[in-house]
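Trainee: with the sequence up front, the predicted model follows.
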Amino acid sequence: MKLFFDRQLAANYKSASQKARILTEQWVDNSIFCPNCGQLDIDKYPNNQPVADFYCSNCQEEYELKSKQSVFGAKILDGAHRTMLERLTSNNNPNFFLLNYDLATFEVRNFFVIPKHFFVPEIIERRNPLASTARRPGYIGCNILLNHIPHAGKIFYVRNGQVEPKQKVLREWKKTLFLRETIEVSAKGWLLDIMRRIERLGKREFKLEDVYAFEEELSRLHPENRHIKDKIRQQLQVLRDKGYLDFVSRGHYRLV
């Protein structure tokens, strides 16, 4: 995989934003395989497609591309808040490609995909309405809270200028596909909450008591649930049954 843009493609453009759009879209179109089925080429939709930027002709997965020069932080700007929430429960909610580049050297620094099954209402932050003097007065946009997505939901092709093996990308994608089987958004939100807490433990093997330590925190997130420890045990069992965790011994788990 080549990490440098073909700068000749943007030679006739003066705007930096236009150059970046042309170069990043062309790089993805030429370089990226589908993380779902492994097909070597994904296709670019015609410009101004309302839902996505790319699609796989083999498995029909769709992808929206977001690019920026600086490293992605805790959140990224997205479109209309209402539209985004509607997309979360629709069949045409795309996966997200995120590309971080250095326009001075025309080089890709980081590129990763967030599978659509990691998108739940809790990671969508409502922005304040635009002022009456704005170009679109009253418009309400949203942010995607990247820091609310588990590490398992950020699958890197390129990390700090280093290309990850294709088989690793495909394996990491497949590992969390079970989340698509979870139809209820609230049920998926609980699984993601537990996955994030497990990651915060910072160790591959852990005990049930380690996750119980987040009881108060999870209680604030889910005030309607009065049996947090029971819910924790239930979610760990689901993650075990789906192959995300191994059951080592009573109250003892291991990340696969």
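Mentor: Arrived safely.

Trainee: now for the residue of the chain most remote from its centre: which residues touch it?
Mentor: Relative to the centre of the chain, and counting by Cα atoms, centre = their mean, the farthest-placed residue is Thr133 at 33.8 Å. Counting by Cβ atoms under 8 Å, 6 or more residues apart in numbering, Thr133 touches no other residue. For the C-beta atoms, the positions are set from N, CA and C on the backbone; glycine is no exception.

Trainee: what are the phi and psi angles of it?
Mentor: Main-chain dihedrals, Thr133, degrees, to the nearest 10: phi -90, psi 0.

Trainee: now Leu177
Mentor: Here is the backbone geometry of Leu177 (degrees, to the nearest 10): phi -60, psi -20.

Trainee: neighbours of it, how many?
Mentor: Leu177 is flanked by 12 other residues according to other Cβ atoms under 10 Å.

Trainee: ok, now which ones touch it?
Mentor: Pro115, His117.

Trainee: low-scoring pLDDT stretches of the stretch 1-150 of the chain, where are they?
Mentor: Counting by pLDDT under 70, the stretch 1-150 of the chain shows low-confidence ranges at 48-50, 91.

Trainee: what kind of secondary structure is Arg254 in?
Mentor: Following DSSP: H, G, I helix; E, B strand; the rest coil, we place Arg254 in the strand state.

Trainee: so what's it up against?
Mentor: Counting by Cβ under 8 Å, 6+ apart, Arg254 has contacts Arg204, Glu205, Phe206, Leu245, Asp246, Val248.

Trainee: try it again at 6 Å.
Mentor: Residues counted as contacts of Arg254 (Cβ atoms under 6 Å, 6 or more residues apart in numbering) are Arg204, Glu205, Asp246, Val248.

Trainee: just the pLDDT for the last one.
Mentor: Pointing back at Val248 there. As predicted, Val248 sits at a pLDDT of 94.
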